[in-house]
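Trainee: I would like the atomic coordinates for the input below:
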Amino acid sequence: MGQGPSLSMRVALKYICEDVDRHGNVRCYVRAPGKRKVRIRAMPGTPEFMEEYQAAITTAAEAPLRQADEAKRGSFRYLCIRYYSSAAYKALDVSTRNWQRRALDEIAQDHGAKQVATMQARHVRRLRDAKTETPAAANQRLKALRALFTWANEAEETSVNPTIGVRKLKYQSDGHHTWTDDEIQRFHERHPLGSQARLALDLLRYTTGRREDAPRLGRQHVRDGRIRFRQAKNEHRNPVDIDIPVHPALAESIAAAKVTSNMTFLLTEFGKPFTANGFGNKFKDWCRQADLPHCSAHGIRKATLTKLAERGATPHEIMAVGGHRSLEEVERYTAKARRSTMADSALRKL
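Mentor: Residues are numbered from 1 along each chain as shown. Sure thing, here's the model as predicted:
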């Protein structure tokens, strides 16, 4: 990136600073008072830039706590700190790092000073069962602990793994609500063509993207009547590249929105790209405005994949559109559609 307008003029964020290397390139850092500066490598104005910035701010804010806890070798907090600085943790997607850290830090608030060597499976079950009222959160807490101890055993940080033999809680859940045709129509009536809300829904609907994908899409992803992008989920471990035709309804929505930015189709009210969390919250607002408080961005993806199954798309066709890696992943969409079709066929024979 060549030397241009001052980065501090373009990005007004706390603790942001810059310098210029010997090649004339501007480099961006977060430098909190009394803390080591942290390099931000993503391009300013992108969702990736904001995610790196938030991570750097969190690291700076927690530095004194980490340094104090590091003296307590063998403690749960110490093990977490070692994990956060590991290559395995840093290789995870930002969203995965965030939920793992939230889960582990929550445990560390009450148990951070306790010695890991004394931790047993019964303790893990208690930690899991403390979230019984929200079983999804309970299982996520267990999943974070498994990731921690799997790394710790491989790194020889500890020889114990108290998560072995501890099972997830069983519960009935259909996941995110799948949008119906009537709900999509209601959203259309509240948010007409040309609005950011309508464009957001159409991006989700006709790309089967997740909330992490939609705010990253821009004109650079559209070429020769096709839209090509890498899904955000697991992009650093098992990347999935999507290459699908631009649906006519999506092309109409993009044209109606009159987007002038080449970076992203969707922008905040301040003219900046959304972060994944920011977009998710904004889309929930748009849903509430349409009297659809139970709907979410991910439910649009499910609606499109379900519709494809109902229209007779093969599992492999659904995989190509949705970016799934196995037939088992798409079975839940095709199984329900097959049951409905087979029931219709059976009653015609009655």
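
Trainee: now R228: which helix or strand?
Mentor: Per DSSP states H and E: R228 is located in strand 226-230.

Trainee: I'd like the next helix or strand past that strand.
Mentor: Using DSSP H and E, the helix or strand that follows strand 226-230 in sequence is strand 241-245.

Trainee: which parts of that following strand are buried?
Mentor: I242, I244 (16 or more other Cβ atoms under 10 Å). Heads up, the C-betas are built off the backbone N, CA and C, glycines and all.

Trainee: that one vs strand 226-230, what angle?
Mentor: Using axes from the mean of the first three to the mean of the last three Cα atoms, to 10 degrees, the inter-axis angle of strand 241-245 relative to strand 226-230 is 170 degrees.

Trainee: G299: what's it in contact with?
Mentor: H176, H177, T178, W179 (Cβ atoms under 8 Å, 6 or more residues apart in numbering).

Trainee: neighbour-wise, give me the winner out of those residues.
Mentor: W179 (27 neighbours; other Cβ atoms under 10 Å).

Trainee: list the contacts of that residue.
Mentor: Each residue near W179 by Cβ under 8 Å, 6+ apart is listed here: C295, G299, I300, K302, A303.

Trainee: swap in 6 Å and give it another go.
Mentor: For W179, the contact set (Cβ atoms under 6 Å, 6 or more residues apart in numbering) comprises C295, G299, I300, A303.

Trainee: report pLDDT for the last one.
Mentor: A303 carries a pLDDT score of 90 in this model.

Trainee: not counting sequence-adjacent ones, nearest residue to it?
Mentor: Residue nearest to A303 in three dimensions, not counting chain neighbours: W179, with 4.0 Å by Cβ to Cβ, 6 or more residues apart in numbering.

Trainee: again, but for the third one
Mentor: Closest residue in space to I300, ignoring its immediate chain neighbours: L204 at 4.1 Å, by Cβ to Cβ, 6+ apart.

Trainee: gap between the one you found and K349?
Mentor: 39 Å (Cβ to Cβ, to the nearest Å).

Trainee: quick check: D213 touching A232?
Mentor: Yes. If you go by Cβ atoms under 6 Å, D213 and A232 touch, sitting 5.3 Å apart.

Trainee: contacts only, for the residue lying closest to K302 once chain neighbours are set aside.
Mentor: Nearest residue to K302 in three dimensions, chain neighbours excluded: T178, at 4.3 Å (Cβ to Cβ, 6+ apart). Contacts here follow Cβ under 6 Å, 6+ apart; on that basis T178 touches G299, K302, A303, T306.

Trainee: ranking those residues by neighbours, who comes first?
Mentor: Neighbour max across the contacts of T178 (other Cβ under 10 Å) = A303, 22 neighbours.

Trainee: mind checking which helix or strand that one is in?
Mentor: If you go by DSSP H and E, A303 is part of helix 297-310.

Trainee: part of a helix, is E18?
Mentor: No. Counting by DSSP: H, G, I helix; E, B strand; the rest coil, E18 is located in no helix; its state is strand.

Trainee: and it, bridged to which residues?
Mentor: C28 (DSSP bridges).

Trainee: count of neighbours near it?
Mentor: E18 has 15 neighbouring residues, counting by other Cβ under 10 Å.
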